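Asks: Give me coordinates for this.
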Amino acid sequence: MYNPKWFREDRIEVLHAQITKISFGTLITYGASSGILATHIPIMLDATKGQRGTLFGHIACRNPQWRETPPNSEALAVFLGPGAYITPRWYQTKKQNGRVVPTWNYITIHARGPITFFEDSSRLRQTVATLTDLHESAAQDPWKVDDAPTDYIENELKSIVGFEVPISKIEGKWKMSQNRPDADRAGVISGLEERDLARDQDVSAEMRRRDNNPSE
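Replies: Okay, here's the model as predicted:
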């Protein structure tokens, strides 16, 4: 990933927190006969397993990715956070010399590691249950895997394959106008808040947070 120093995020706790917040990524592998393969799926992180954490999830059994990816070959998981178009109209620099162009602010994380696929039913059930509990945690009456009939769940587990990726390399990019003067960043934040799209609010909030807490 092209990642200039202004935007680079290396702190593991920040990267882990953002992966957990996003919770959805693109799993990319390479098949000897099929070339690049990609699947868009929920992915969860176990930060306690391995030096840099371990990614878990599952894909459809009919998805050829798991059969065509060589065992223990490197996988790349890409997590994309909030992003927004940034117009030059918001820059103070536009008024000063006009030397500005449009851009896009965004958050992304790339995590790499050797991937292992598994079909063991008990391990699959645990993966599905953990993933479900994570996303049901905010509900007043969360749904549990055990709420469904046992035979139904066992049959559903036959249609998926699990995967595990111990993270060997992880890098984050927080492109939030850090390379612009203070007046330009202030103009971007104000412009995003005035435009009032949901993704704009997420980006402006992250810009404000990082400006107010530069050590975080």
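Asks: which residue packs closest to Met176, ignoring adjacent ones?
Replies: In space, and not counting its chain neighbours, Met176 is closest to Met207: 4.9 Å by C-beta to C-beta, 6 or more residues apart in numbering. Glycine gets a C-beta too; all of them are placed from N, C-alpha and C.
Asks: Next: Trp66.
Replies: In space, and not counting its chain neighbours, Trp66 is closest to Phe117: 4.3 Å by C-beta to C-beta, 6+ apart.
Asks: Am I right that the residue nearest to Met176 is in a helix?
Replies: Yes - Met207: assigned to a helix according to DSSP: H, G, I helix; E, B strand; the rest coil.
Asks: For it, which residues are in contact?
Replies: Contact analysis of Met207 by C-beta atoms under 8 Å, 6 or more residues apart in numbering lists Asn105, Met176, Ser177, Arg185, Val188, Ile189, Leu192.
Asks: Over to the most centrally placed residue in the chain: give its phi and psi.
Replies: By C-alpha atoms, centre = their mean, the chain has its centre lying nearest to Phe79, at 2.1 Å. Main-chain torsions, Phe79, degrees, to the nearest 10: phi -110, psi 130.
Asks: Now do it against Ile28, distance only.
Replies: According to C-beta to C-beta, to the nearest Å, Phe79 stands 12 Å off from Ile28.
Asks: same thing with Pro42?
Replies: From Pro42 to Ile28 the distance is 16 Å (C-beta to C-beta).
Asks: Specify which residue of those two has the higher count of neighbours.
Replies: Between Pro42 and Ile28, counted using other C-beta atoms under 10 Å, the more crowded position is Ile28 (19 against 15).
Asks: Where does the more buried one sit: helix, strand or coil?
Replies: Put simply, Ile28 is strand when judged by three-state DSSP.
Asks: how deep is Ser33 tucked in, by neighbour count?
Replies: With other C-beta under 10 Å as criterion, Ser33 counts 6.
Asks: same deal with Thr39?
Replies: Count around Thr39 with other C-beta under 10 Å applied: 18.
Asks: Report the separation between it and Asp211.
Replies: 36 Å.
Asks: host element of the residue nearest to Trp66?
Replies: Per DSSP states H and E: Phe117 is located in strand 116-118.
Asks: For the residue nearest to Trp66, give me its contacts.
Replies: By C-beta under 8 Å, 6+ apart, Phe117 lies in contact with Trp66, Thr69, Val161, Gly162, Phe163.
Asks: and it, bridged to which residues?
Replies: Taking DSSP bridges as the rule, Phe117 bridges to Phe163.
Asks: Specify the next element, helix or strand, located C-terminal of the strand holding Phe117.
Replies: Of the helices and strands lying after strand 116-118 in sequence (DSSP H and E), the nearest is helix 121-136.
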